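> next comes the sequence, and after it the predicted model I'd like to discuss.
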There are 2 protein chains.
Amino acid sequence: MKPGKRVTLADVAAHAGVDRSVISRVMNSDPGLNIRPETRERVLASVKTLGYRPNAAARTLRTRQSRTFGLFIPDYANPVYAEIIKGAEAAAAERECVLVTGSGRVAGSAQPYLDLLADGRVDGLLLAGGVKAPATLAALRESRMPWLLLNWSMTDATRHIVLDDEGAAAMAVEHLVSLGHRRIAHLAGPDGSDTASRRASGYRAAMRLHGAAPDPALAVRADYTADGGFHAMTELLGRTPRPTAVFVANVASAIGALRAAYRCGVRVPSELSIVAVHDLPLAEYLVPALTTVRMPLEELGRRGVEKLTTTDPDTPVAETVGGPMELVLRESTAPPGVN
Amino acid sequence: MKPGKRVTLADVAAHAGVDRSVISRVMNSDPGLNIRPETRERVLASVKTLGYRPNAAARTLRTRQSRTFGLFIPDYANPVYAEIIKGAEAAAAERECVLVTGSGRVAGSAQPYLDLLADGRVDGLLLAGGVKAPATLAALRESRMPWLLLNWSMTDATRHIVLDDEGAAAMAVEHLVSLGHRRIAHLAGPDGSDTASRRASGYRAAMRLHGAAPDPALAVRADYTADGGFHAMTELLGRTPRPTAVFVANVASAIGALRAAYRCGVRVPSELSIVAVHDLPLAEYLVPALTTVRMPLEELGRRGVEKLTTTDPDTPVAETVGGPMELVLRESTAPPGVN
DNA sequence: TGCTCCGAGTCAATCGTTTGACCTACAGTT
DNA sequence: AACTGTAGGTCAAACGATTGACTCGGAGCA
């Protein structure tokens, strides 16, 4: 309305001819308020005509909550996080809160976003990986604010939600075994990654279960990137005897792995089967289309926000999202030796 | 210090034995403050031992600025936005501000994030597409707050920064022409997309410039998704005579296009050359690796934040980020008819 | 001695909402 | 007539930081 002037409660109160507190109580539907219907109408009308919007800072200052949650991710370029964000945004929206996301890709640290928590700008913080310093965790714990680790944990981090990575690995391995594979390699995630070690242990367990001893020479570490997958796969294909199938811990690596197979003249799936963890829209359009294990990433984000709102900062959280996990069959797996 | 108690200015003041205002001025290095070095030391020491952090809400309320910028994107799953975010985060960090990002994928609308602006939670808002309603623009303009459209514009939106899409299209077409192609198709972006129409017009201009009249039958619209690219390309390959090359407006579509060519038994690049706009780390690992035009997306994000801080909300902005644009030669283009 | 000036801080209003406590006029009771 | 109850609000103190205006004691000066 008035150019350059923010409308405040006082303006609305003056316009409607009542006290500021009435406006506030009407807007927040305070049950302790007795008000004549006509007055309420008048208030509502004033709010509308003046275009009043409560000032978030003032409200946060007074109520000590911002109706905002933060989600920190290491890198937006990793499409896996897109799914997590989606779930978290949805859960926040259901609570009439907003989710703000930030990455540490630039600063190389989560500090600016941890500060959001410390400064009281968010009511809780979800950390989806990328924090290395144990000091950070200590600071978090001391802050007495809600926080949660998503899809990873540190030894002394008592609040985290993870996925069933062992289960996913088992699913992948079982699929390969059922196709007839025995020499199954594992293109594992990077050293120090929590999900990587869980997937690796799931792989080993599943291998043993099916009487196929996991050969340490068939496990290679790779970054969760196409580049990492390319190099690791190239190395793996140099080994003799060559594996007939490989379980790749990450879909980005799998794209690199696919490329490496192509480069080395190894045909997928006839000479080499590939199955990766995490499904992506993209996977369907690769050549060959990639068989994957779909994980409930969206559900993970959703549960994160839920837990943030329902548990107080002191109680430990250690949850595994069961969710629907599914093997998505496409073209990159086949029985060994067929052509 | 005190468990469960936030440390406020008053606490620090009491601890250091000075007035609150001194603490505030020291922390903000107010030039108008005269203070003995020893007192300053005492203040700093108190701040440190108590672990004082200024409350963001209180500060925002008083100063009317939050040192926070917002960036709205339609969908995190589109990796193009990752680059923009990266640049914007960097620019924000340089100004000791934080960038918070949100998408409209869930709510289907930017409203929650526009509200952030209206509620005074951010000092400015960057909108990277996805807002359809003209009413939204009107609301923005009326808000008297800094905002900017990134990489798109609407007819009546007077504040936007775009990339040189015509130039990118020209680069792609010229590359194909120089390889000897004449029948060059265009897999254009969706109807109503601003970048799509600029790339399309750049394509037509470049075609005419090289004496190759753009055949309307060789331009097909596709969503900026792998799926869209797949279908559009399938359709295009049904036309006779078939094009020898195609300029794809978007890298995600190009992945689908690649798949479509494979499905139709058309070999890339020997029977069909493909060049797409936007480079991605992924492009290098596709089979065949995709030739692309790299756009200065990061620079776009960076300029966005800069403009937000340096121009006032009333002055129009219409900038084209020149930046380094580059043709990234890979395997998906070759002279026509070669095998 | 009286006056000004300055260094070193102090005071208190202010930002916009929220919320527990408090009024006030009138109707109904006894 | 005095009292109670209630509908329909009003009052004002927070919340925590910022900042323009002000104070106070001593040094410098004439």
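Received it, and whenever you're ready, just let me know what you need. Source: prediction; values computed, not measured.
> which residues of chain A lie near DNA strand C?
A:6-10, A:20-21, A:24-25, A:27-28, A:30, A:32, A:52-55, A:58-59, A:61-63 (C-beta under 7 Å from any atom of the strand). Yep, even glycine has a C-beta here, placed from its N, CA and C like the rest.
> while we're on residue A:323, how confident is the model there?
pLDDT for residue A:323: 82.
> before we move on, what about the one 10 residues further on?
Note on residue A:333: pLDDT of 98.
> what's next to stretch A:31-49, contact-wise?
Here stretch A:31-49 makes contact (C-beta atoms under 8 Å, 6 or more residues apart in numbering or on different chains) with A:1, A:12, A:15, A:16, A:17, A:18, A:22, A:23, A:25, A:26, A:27, A:52.
> pull out the buried positions in that stretch.
Residues of stretch A:31-49 classed as buried: A:42, A:43, A:46, A:47 (neighbour count, 16 or more other C-beta atoms under 10 Å in any protein chain shown).
> name the element the second one belongs to?
Here residue A:43 sits within helix A:37-50, counting by DSSP states H and E.
> for residue A:210, grab phi and psi.
phi -100, psi 20 (degrees, to the nearest 10).
> check the gap between it and DNA strand D for me.
According to C-beta to the nearest atom of the strand, to the nearest Å, residue A:210 stands 59 Å off from DNA strand D.
> so what's that residue closest to, chain neighbours aside?
The shortest distance from residue A:210 to any non-neighbouring residue, by C-beta to C-beta, 6 or more residues apart in numbering or on different chains, is to residue A:177 (4.7 Å).
> circling back: wait, does the next helix-or-strand element following the helix holding residue A:43 contact DNA strand D?
Next along the chain after helix A:37-50, taking DSSP H and E as the criterion, comes helix A:56-63. Yes: residues of helix A:56-63 contacting DNA strand D under C-beta under 7 Å from any atom of the strand: A:58, A:61, A:62.
> now the buried members of those.
A:58, A:61.
> residue A:181: which of the residues of helix A:56-63 next to DNA strand D is nearest?
In terms of C-beta to C-beta, no member of these lies closer to residue A:181 than residue A:61, at 61.6 Å.
> and the closest one, how far from residue B:19?
For residue A:61, the distance to residue B:19 equals 21 Å [C-beta to C-beta, to the nearest Å].
> likewise for residue A:225?
54 Å.
> higher neighbour count, these two?
residue A:225 (21 against 12; other C-beta atoms under 10 Å in any protein chain shown).
> do I have it right that that one meets residue A:256?
Yes: using C-beta atoms under 8 Å, residue A:225 is in contact with residue A:256, at 7.0 Å.
> pull the residues that contact stretch A:264-271.
With C-beta under 8 Å, 6+ apart, stretch A:264-271 has contacts from A:234, A:237, A:242, A:244, A:258, A:261-262, A:272, A:274, A:288, A:331-334, A:337-339.
> and it, how far apart are its ends?
11 Å (C-alpha to C-alpha, to the nearest Å).
> return the set of buried residues in that stretch.
Neighbour count says stretch A:264-271 has A:264, A:268, A:269, A:271 buried, by 16+ other C-beta under 10 Å.
> show me which pair in these is furthest apart.
Every pair of those checked by C-beta to C-beta; the farthest is A:264 and A:269, at 14.8 Å.
> so how far is residue A:72 from the residue nearest the centre of chain A?
Centroid-nearest residue in chain A, with C-alpha atoms, centre = their mean: residue A:84, separated by 3.3 Å. Here residue A:84 is placed at a distance of 11 Å from residue A:72 (C-beta to C-beta).
> and what of residue A:288?
35 Å.
> again, but for residue A:285
Taking C-beta to C-beta as the measure, residue A:285 falls 30 Å from residue A:72.
> again, but for residue A:21
Taken as C-beta to C-beta, the span from residue A:21 to residue A:72 is 38 Å.
> between those two, which one's more packed in?
The neighbour comparison of residue A:21 against residue A:72 (other C-beta under 10 Å) goes to residue A:72, with 24 against 12.
> burial count for the residue in the stretch 101-250 of chain A that chain B sits nearest to?
Ranked by C-beta to the nearest C-beta, the top residue of the stretch 101-250 of chain A for proximity to chain B is residue A:119, at 3.8 Å. Per other C-beta under 10 Å, the neighbour tally for residue A:119 reads 19.
> and it, backbone torsions?
Dihedral angles of residue A:119 (phi, psi; degrees, to the nearest 10) stand at phi -80, psi 0.
> wait, it sits on residue B:58?
No: the pair residue A:119 and residue B:58 does not pass the contact test of C-beta under 8 Å, sitting 9.9 Å apart.
> next secondary structure element downstream of the helix or strand bottoming out on mean pLDDT in chain A?
Taking mean pLDDT, DSSP states H and E as the measure, chain A has helix A:134-143 as its least confident helix or strand, at a mean of 79. As assigned by DSSP H and E, the chain's next helix or strand after helix A:134-143 is strand A:147-150.
> pull the CA atoms of that next one into PDB?
Taking Å, rounded to 0.1, in the frame of the first residue of the first chain, the C-alpha atoms of strand A:147-150 are listed here in PDB:
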ATOM      1  CA  TRP A 147      19.900 -31.600  14.900                       C
ATOM      2  CA  LEU A 148      20.300 -34.900  13.100                       C
ATOM      3  CA  LEU A 149      22.700 -36.700  10.900                       C
ATOM      4  CA  LEU A 150      21.100 -38.000   7.700                       C
END
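> if we can go back for a sec, ok, the residue nearest to the centre of chain A - contacts?
A:71, A:73, A:128, A:150, A:151, A:297, A:298, A:300, A:301, A:304.
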